[in-house]
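Asks: Need coordinates for the below:
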Amino acid sequence: MGMMDLTDKTVRSDQARRNFRDLLDEVEHRGMHITIARYDKAAVVVVPVGWYEDAEAAWSAQLEKDAESTP
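Replies: This next block holds a predicted model:
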């Protein structure tokens, strides 16, 4: 998973399908970041909504800053 693995747990896609409710509970209630892998390669990361909203806001702020500095 890249240079830094910021996820708490990695599960195979077939495991995620069987245990989806449990994974959602871990993310929602414990704040875990879970990578779901397909064919031993990371496919998606499930993160808490608050974390996603913060990341989206930071990304938007950076885009605005970059746009302002462009002549």
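
Asks: Low-confidence ranges, this protein, go.
Replies: Counting by pLDDT under 70, the chain has low-confidence residues at 1-6.

Asks: where along this protein do the strands fall?
Replies: Remark: strands assigned in the chain by DSSP state E are 9-12, 34-38, 41-46.

Asks: The closest residue to residue 28 other than its chain neighbours: neighbour count?
Replies: The shortest distance from residue 28 to any non-neighbouring residue, by Cβ to Cβ, 6 or more residues apart in numbering, is to residue 48 (6.5 Å). C-beta here means a position set from N, CA and C on the backbone, and glycine is covered the same way. Residue 48 sits with 16 neighbouring residues when counted by other Cβ atoms under 10 Å.

Asks: check contacts around residue 48.
Replies: Residue 48 sits next to 27-28, 31-33 when contact means Cβ atoms under 8 Å, 6 or more residues apart in numbering.

Asks: Apply 7 Å and report the result again.
Replies: 27-28, 31 (Cβ atoms under 7 Å, 6 or more residues apart in numbering).

Asks: which one among these gets closest to residue 42?
Replies: The shortest gap between residue 42 and any of these belongs to residue 27, at 15.7 Å (Cβ to Cβ).

Asks: Number of residues surrounding the closest one?
Replies: 20.
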